[in-house]
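J.: here's a sequence, model it:
(chains A, B and C)
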Amino acid sequence: MKRKLIAAIGVAGMLVSVAACGSDDGDKKSGGADGFKGETLTLWAMDGSTPDKWQKDVTAAFEKKTGAKLKFEVQQWNGIQQKLTTALSEENPPDVFEIGNTQTAAYAKTGGLAELGDLKESIGADWTESMNKASVIDGKQYAAPWFVLNRVVIYNKKIWAEAGIKDTPKTREQFLKDLKRIGAKTDAEPIYMPGQFWYHFVGLTIGEGAELVKKDGDKYVSNLADPKVAKAMKTYQEFQKLSKAPKNKDEATPQQGEVFGKGKTATFIGMPWEADLAIKTDKKIAKDIGYFTIPGATADKPEGVFLGGSNLAIAATSKKQELAKEFLKIALSDKFEGQFAKEGGVIPNKESLESALEGNPAAKAMTPATPGGGITPLIPEWGAVENPPNPIKNYMTAVLNGKSPAAAAEQVEGELNKRLAQKQ
Amino acid sequence: MPTKEMASMTVQKTERPPSGPTEVQAPDGGPRPRGPRATPGRLAGLTPYLLLAPAIVATVLLLGWPLVSNGMLSFQNLNMRQFILHLTEWNGFDNYTEILTGEDFWRVTGRSVAFTAANVVLIMILGTLVGLLLARLGRKMRTLLLVGLVLAWAMPVVASTTVYQWLFAQRFGVVNWVLAKIGFESMADHDWLSTQYSTFFVVLLLIVWQSIPFVAINLYAATTTIPKELYEAASLDGAGAWQQFTSVTLPYLRPFLYATTFLEIIWVFKAFVQVFTLNEGGPDRLTEILPVYAYIEGMGNQHFGMGAAIAMLTIVILLAITSYYLRIVLKQEEDEL
Amino acid sequence: MKRSPLGRIWPNLTAVALFLFFVFPVYWMFATAFKPTGDIISENPVWFPTDATFEHFKTAMDADHFWTMVGNSITVTVCAVVLSLIIGVTAAFALARMRFKGRRGFIIGFMLAQMAPWEVMVIAIYIIVRDADMLNSLLPLTLFYMVMILPFTLLTLRGFVAAVPRELEESAMVDGCTRMQAFRRVILPLLAPGLMSTSLFGFITAWNEFPLALVMNKEADAKTLPIWLSSFQTAFGDDWGATMAAASLFAIPILILFVFLQRRAVSGLTDGAVKG
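T.: Numbers count the residues shown, from 1 in each chain, chains lettered A, B, ... in the order given. Okay, the predicted model is just below:
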């Protein structure tokens, strides 16, 4: 308060407060397991990632074990890339930070992430392989896998029952048939599926075993013209046809959970937490919400899914490497990783911890699809593709508006290749 | 006489006040005595420079320096890696060659110029009309309209852009709902953002809506300073309403209109949030204007050197567009004092 | 002037139509802020928030460090505006009243400064501030905002100074005032409307600035309100109710300032002497 008053007086006053700021981080070098007294570790986690209780418990355990302080800073999504890039160039970067699994490769290439080979050796022997892939670039470990999520079918039990459907579908064909039945028998929208829900589309390509990019000499180029990609798009289109959702918007504008919450939509494909948005829109819908795994082409294999998730990384320029690793060891220990999965309803980084998801119907619908899931191409160049305007979204809209997949692929290939060819 | 009072009141009502009251309020012809004879001498000669010093120092230091440093960045290959590791990789004119030889830039520039022109023309015409209407209204109605204008102007851009997005949303949009209700059934599911022109239409509406208050309120304030005698003289000469407008009002307001147009060009040309938020420059990058292009290349793709080069080119283009006005000012200043 | 009944009615009708056109989006912002989440997007628009809720305002104001950000925003904005007014009015006086070499050049210079593309210079500015070790401080923000609004302030005030009749100033000096006193006692009061309107403009510009504040001030206790305003739009979807509530709150200081300045400026006018 006093500082603020001084500052309000004028610029001179502000200089004083600046000076006061500068001495915040006493950065004494110290080693040893609990010789970290007086140090402060800064952690950046994204808004919505960390459950409150977990955050409190981990902080307490960390401070007890190391004697250091943990500064837990929740980051907003808006402008996070600029924020992270600039922060990593600073003298006092966040020591540990959450980083999206599709972004890790790009940041690893910048030299901004510390190498964590020894950490992998000491605590990462049984990290789930499909998850850890995103943290390994050129054979080196640059982050620790933290959690992933994949999409499930979220449905309105009342509407499905009204259409006389007893069992949830086990194959894609049956799923489509059920949706059409809902369309015929009820006045609800069978499924809400906007045209640019590209995470789901990426899931479908993974299900088809298709690649979005291919190697051409020493660089990557678009592979959207691949018939397998076209097949995934065809599947997407069949579902999208049953929806009244806009063809040129993604699942967040408007928020599909909110649309579903109005009770006039039978189904949507989304993250488990999107059901909370529906409940926020209308509390009464809570009891009608059900979940099932997205059915694949055959009953024995669920649909391919996109594994959205985050890793934890340490800034290369952080002066508290040891302390940061101590934190990772605590936060990713079976105890806290299990608690994290349970409270957050996310898939933990070890299969042995998945039991924490018992009793969570949404998470249970998630796990069968997880092993067959995947993410976007693990190349540093990929980061640029996702920046708006995302050419893959444009590809989807073009197909849904009547272009042939081949023609649509051709239309966006130039843009996609340009982004893949960008200098690093 | 309420007019004078209103004039002064409305001057403060403006968010972006009349930029050229000099020109408006002191047309040539008024008595213009030479400046008071201050004590001659070296000190007096220095006075204007001393008075200007803080402004110049601040501008050179806080604008000139970043500008120079931006210029230097534009000759570097500066991406995430170089940025994080503090590396300086000079690459000569590479950024410029890449931008200037790519077709994107020229297309975007052409579009930007057309976009700015369309917006500014509409803003100036409609703003002027609303301003003239304000002058004609009774006190109550004038206050009502002023309140509306001010509210529109005070609305944060984030909010107004979002609201426009909602109004024109395909499925839950108020505009489609209303159109369907009043008989245009086919509009019930119309997708306003599916084509280049209809996206531009929505953006245009938003920008014009945001910008009219400034022009209208200031123009109204300016009209109240026109001496009544001029109109009386004109009507003695038998001029009708339209002739009075063209022979008295318009010439009197010309400097003001020039100055406002200059500002609007600058503001509209730099409009980023509206275009980007509404449709990310889509569909298919067809509504991308220069600031959006600079953002996507520079910030979005984190090619900071490239972004810096586009920034420099933006300045050049803005200079070219406004050079006509700057020439007028130069000439005018020559005549004054 | 003679006007037919029709001639009297159409301006009023147009005014009402225009009023609705300008106010509707603003109304929608306020109305949305009070709507329960379920009513925000709706097949049939909810025109009036019948079951109004304060939930969104609560979300908005419960944000971490909300009051710190309010304090920071006010500090930065007020300091920037006051500084630019002081610097601007001094320079404006020189440019409007004195003859000296290079005057024209300075005027053109400030006009060019008005065109500065601040939005795309963010990285350059960031690097300078970072290398000067001044991140997470309110000082650089204040100074840059000050320069962002300075050209406009200065050029506008120049117009207002020039509009003050020289006779007023001269007669004051004849009465024994020094030039400085004449300026303070005669010109300054007459500049009130100009000072008010430029400060309003400056206030809005500084109050709204986002890109610089985002990269330069990442520490929680150095953030400003635009960061808060954008924080309800997240990757998990945008909390529109909270965004609109925040935007409504965000606009209030501007409206207050407007009302306040309007009253002050009227009293600052001495007998309409501004206009000769």
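J.: centre of the chain to the longest helix seen in chain B, how far?
T.: Ranked by residue count and defined by DSSP state H, the top helix of chain B is helix B:103-136. In terms of C-alpha atoms, centre = their mean, to the nearest Å, the centre of helix B:103-136 is found 9 Å from the chain centre.
J.: ok, now stretch A:357-367?
T.: 17 Å.
J.: got the end-to-end distance for it?
T.: Taking C-alpha to C-alpha, to the nearest Å, the first and last residues of stretch A:357-367 lie 9 Å apart.
J.: what does it contact?
T.: Contacts to stretch A:357-367, defined as C-beta atoms under 8 Å, 6 or more residues apart in numbering or on different chains, come from residues A:149-154, A:272, A:275, A:290-293, A:341-342, A:345-347, A:354. Glycine gets a C-beta too; all of them are placed from N, C-alpha and C.
J.: mind checking which of those are in strands?
T.: A:149, A:152-154, A:290-292, A:347 (DSSP state E).
J.: I'd like to know which elements the longest helix of chain B is packed against.
T.: If you count contacts as 3 or more C-beta pairs under 8 Å, 6 or more residues apart in numbering or on different chains; DSSP states H and E, helix B:103-136 packs onto helix B:139-154, helix B:196-223, helix B:250-269, helix B:290-294, helix B:304-335, helix C:5-34.
J.: now do that helix and helix C:5-34, the angle between them.
T.: 120 degrees (axes from the mean of the first three to the mean of the last three C-alpha atoms, to 10 degrees).
J.: which parts of helix B:103-136 are buried?
T.: B:105, B:108-109, B:111-113, B:115-116, B:119-120, B:122-124, B:126-136 (16 or more other C-beta atoms under 10 Å in any protein chain shown).
J.: same question, stretch B:75-88
T.: For stretch B:75-88, burial by neighbour count (16+ other C-beta under 10 Å) applies to B:75-84.
J.: give me the subset of the residues you listed touching chain A.
T.: Among those, the residues that sit close to chain A (C-beta under 8 Å from any C-beta of the partner chain) are B:77, B:79-81, B:83-84.
J.: name the single longest helix found in chain C.
T.: helix C:66-97.
J.: quick one: that helix to helix B:304-335, angle?
T.: 40 degrees.
J.: other SSEs contacting helix C:66-97?
T.: Packing partners of helix C:66-97 (3+ C-beta pairs under 8 Å, 6+ apart): helix A:2-9, helix A:11-22, helix B:42-59, helix C:103-114, helix C:138-163, helix C:192-208, helix C:225-230.
J.: out of those, flag the one nearest A:Met46.
T.: helix C:225-230 (14.7 Å; C-beta to C-beta).
J.: domains for chain C, by residue range?
T.: As given by automatic domain parsing, the domain ranges for chain C are C:24-53, C:64-267.
J.: return the most buried member of the ones you listed.
T.: Among those, the stretch with the highest mean neighbour count (mean count of other C-beta atoms under 10 Å in any protein chain shown) is domain C:64-267, at a mean of 21.
J.: what residues does the stretch 201-350 of chain A put near chain C?
T.: Checking the stretch 201-350 of chain A against chain C by C-beta under 8 Å from any C-beta, the hits are A:252-255, A:257-259, A:261-262, A:264, A:273-274, A:277, A:280-282.
J.: of these, keep whichever come out buried.
T.: Using 16+ other C-beta under 10 Å, the buried ones in those are A:252-255, A:257-259, A:261-262, A:273-274, A:277, A:280-282.
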